[in-house]
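Colleague: sequence first, then the predicted structure:
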Amino acid sequence: MAQHRFARNLAGSLAILATLGGIAYGLPAVDRALPSDRPVTAGEPYSVGGGVTVVPPPHSMIDVTKTRPGSDRGTALFVLDSVRYVIVVVPFAGTLDQAAARLRRKITGSTGYQVAGNERPVTTAQGVVGRQGAYAAPGRAGRYAVFVTDGLAVEVTVSGSGTRFDSAIASVRSIAVRRAS
Amino acid sequence: MTTVGVRPASPSARPAKSLRLPAFWLVLVLLGMGAWRIFAIVRDSFGLYPRATAVALGLFGLYAVPFWIFVERLDYLEREPPLLLATAFAWGGLVATSTAIPGNAAVHNLLAKLVSPEFTAAWGSAIAGPTIEELLKTLGIVAIVLIARAQVNSVLDGVVYGALVGLGFQVVENIVYAVNAVAIVGNGDRVGPVVSTFFLRGFLAGLWSHTLFSALAGAGVAYVVVRTDKPLWIRLVVAGGALGGAWLCHFVWNSPLLADGLGGGGFGLLAALLVKGIPPLAMILVMVRAARHREADYYVGQLVALGDPQVATEGELKALSTGHMRAAARRYAHGRAGIRGRTAVRRLQRAQARLAVELSRLGSTADLRAPPLERWYREALVQRYRLVAMGHAEAVVPAHRYSVLRAWLAGAGVVTLVVAAIWLGIRALGGG
């Protein structure tokens, strides 16, 4: 009887362990086994979220696991070979100075990341004025830009190098906001 | 003996026996691993935002106290061992949360890959949260059963353990959310995002959150353990239904339905919160009430079978059944015999409850001078002697219906306070 009870307890314990292992390690393994990049239509505006769109650079892919378009906010991660092009849209009630300071803090909050040089103004094709600057990280360089419009902050970071990097930087000017009618 | 859904512990049940069970050691290891992972998260947060992290720990730590007291007192008659209650809380706060982090992320990613990022942004939390978290929390209740099956004597016990697993999860998850909010806002070590998270997740979502969902799942697990008079398949269907109910409540709460409120402004948001939150809250409270009455009938029946008016009179047995009647009896004693009268009634009620539990284990024909019974039998007689000396011989409620009216008024007051707190929370967060 005691042996039977022990065996049942052991079976129950193993079932708990197996379920925990399945959730903690099995599901992430299945996730990793599936590709996360999807092609985006070249030359067409891509909706980031919060009414913000961008025309992605040619040959770019979207990482669907890091892309979350929402009605009042959103995130998009474009991958161009080794270049990572991230756009984050969040509701924001502050000034451009405050938004720029906030983005700099986020960048320098990562270990080894430093903002390099001074910021310069940047204007999108739609006429939204923002700021852009550069940062350095271990093994890679990057640029950032920030815009504030219609109660939103649009934060852009591009890291990597080469011609793909330049095309991503050029794409920043295509960022547009669909104005509320 | 199993009667009307109460399965008293065997007289031979001993806590030390758990040490021989694989489940005990498994839970110990899992708690250690979970503690290590959660400690690492909190340590990193302290490094970046020491003030905000300390405030988050303090606020949500205090927030847990009234919930804990309420849940623990749900089962007045047959109290659960504090160590098991702490284990349930720790499972929710350490094992379930630390396992849910990679699990939830994987489900979100899989939805984005298999469906679309748009679908995941809208429905990801509604699908991943309930699916992963309800399962992980329910495993904690199953683990409690495997460690100390003898302590799960009624559906109400499952509710208590489930609620504490859920409370542990709710508290630790809220702390993680609060420090994440500080990072997302990006204004440095400020406590503003922590306070906003406290209002949002503590007040607006706190009543119909993990504590409630897991209480329902816990009732299902306990049903399997206790209702051995039913065929196994029926018990499994009931447990599956309870887990499904917890999943559904969680799904509805996390879903984007009514996310913008019913109509405009703060009233619309308040109405949407109540529409999504009140039905599961009411349903589970009704279930808890039924489980409490069922358990109370059983234990009071033990004292009735004893048939000793020195231990409990007919009026006292009626008062012992429910929390508001016990409280009314203590207030009545206070009115007639002061604080000493109240204390004596409180001790008498406790002795009656403990004696009833011991009688359920040993049988009503057991020798009252035997060690497990003798302590509480003597205590009941001592308190009876004191009450008689004070001129208030019985721990009963007044003959009129004042206490019932008072209970209804108190209930209405609590509901009004809750709605007012939610309304203030919405206003404070700029929704009004």
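Modeller: Nice, thanks for sending it over. Numbering: from 1, shown residues only, chains lettered A, B, ... in the order given.
Colleague: quick one: is the longest helix seen in chain B near chain A?
Modeller: Secondary structure of chain B per DSSP state H: the longest helix is helix B:265-306. No. Using Cβ under 8 Å from any Cβ of the partner chain, helix B:265-306 stays clear of chain A, with a minimum separation of 14.5 Å. C-beta: built from backbone N, CA, C; applies to glycine.
Colleague: distance between that helix and the chain's centre?
Modeller: Counting by Cα atoms, centre = their mean, to the nearest Å, helix B:265-306 is centred 11 Å from the centre of its parent chain.
Colleague: backbone phi and psi for A:Asn118, please?
Modeller: Torsion angles at A:Asn118 (phi, psi; degrees, to the nearest 10) stand at phi -100, psi 160.
Colleague: ok, it - contacts?
Modeller: A:Gly133 (Cβ atoms under 8 Å, 6 or more residues apart in numbering or on different chains).
Colleague: same check on the one 4 residues further on?
Modeller: The contact partners of A:Val122, by Cβ under 8 Å, 6+ apart, come to A:129-132, A:145, A:172-173.
Colleague: can you check B:Leu77 too?
Modeller: By Cβ under 8 Å, 6+ apart, the neighbours of B:Leu77 are B:295-296, B:299, B:320, B:353, B:356-357.
Colleague: can you list contacts of the very next helix or strand once past the longest helix of chain B?
Modeller: Downstream of helix B:265-306, the next assigned helix or strand under DSSP states H and E is helix B:314-320. Helix B:314-320 has contacts (Cβ under 8 Å, 6+ apart) with B:77, B:296, B:300, B:303-304, B:312, B:325-326, B:328-329, B:348-349, B:352-353, B:394-397.
Colleague: now swap in stretch B:189-198 and tell me
Modeller: Under Cβ under 8 Å, 6+ apart, the answer for stretch B:189-198 is B:48-52, B:55-56, B:59-60, B:63, B:174, B:177-179, B:181-182, B:184-185, B:429.
Colleague: show me which of those are buried.
Modeller: Buried members of the contacts of stretch B:189-198, counted by 16 or more other Cβ atoms under 10 Å in any protein chain shown: B:49, B:52, B:55-56, B:59-60, B:63, B:174, B:177-179, B:181-182, B:429.
Colleague: can you tell me which of these end up in strands?
Modeller: With DSSP state E as the criterion, strands contain none of those.
Colleague: quick check: residues of chain B near chain A?
Modeller: By Cβ under 8 Å from any Cβ, the residues of chain B that approach chain A are B:20-23, B:26, B:30, B:48, B:95, B:99-100, B:102-103, B:105-110, B:112-114, B:116-118, B:120-122, B:132, B:135-136, B:139, B:142-143, B:146, B:183-188.
Colleague: of these, which belong to helices?
Modeller: Mapping the residues of chain B next to chain A onto helices (DSSP H) picks out B:22-23, B:26, B:30, B:48, B:99-100, B:102-103, B:105-110, B:112-114, B:117-118, B:120-122, B:135-136, B:139, B:142-143, B:146, B:183-185.
Colleague: isn't B:Ile147 right next to B:Leu26, touching?
Modeller: No. Applying Cβ atoms under 8 Å as the test, B:Ile147 and B:Leu26 come out as separate, 9.1 Å apart.
Colleague: out of these two, which sits in the busier spot?
Modeller: B:Ile147 (27 against 21; other Cβ atoms under 10 Å in any protein chain shown).
Colleague: how close does that one get to B:Arg20?
Modeller: 11 Å (Cβ to Cβ, to the nearest Å).
Colleague: show me the shaky parts of chain A.
Modeller: A:1, A:179-181 (pLDDT under 70).
Colleague: what residues does it put near chain B?
Modeller: A:6, A:9-10, A:12-13, A:16-17, A:19-20, A:23-25, A:27-28, A:30-31, A:34-36, A:49, A:62, A:64-65, A:67-70, A:74, A:90, A:102-103, A:105-106, A:109.
Colleague: which of the residues you listed fall within strands?
Modeller: Counting by DSSP E, the residues of chain A next to chain B place A:49, A:62, A:68-69, A:74, A:90 in strands.
Colleague: can I get those residues in JSON lines with neighbour count and distance to A:Ala125?
Modeller: Shown next, in JSON lines, are those (neighbours: other Cβ atoms under 10 Å in any protein chain shown; distance: Cβ to Cβ, whole Å):
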{"residue": "A:Gly49", "neighbour count": "24", "distance to A:Ala125": "19"}
{"residue": "A:Ile62", "neighbour count": "21", "distance to A:Ala125": "21"}
{"residue": "A:Arg68", "neighbour count": "22", "distance to A:Ala125": "25"}
{"residue": "A:Pro69", "neighbour count": "21", "distance to A:Ala125": "21"}
{"residue": "A:Gly74", "neighbour count": "24", "distance to A:Ala125": "20"}
{"residue": "A:Val90", "neighbour count": "20", "distance to A:Ala125": "22"}
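Colleague: nearest to chain B, of the residues you listed?
Modeller: Using Cβ to the nearest Cβ, A:Arg68 is the member of those that lies nearest chain B, at 4.3 Å.
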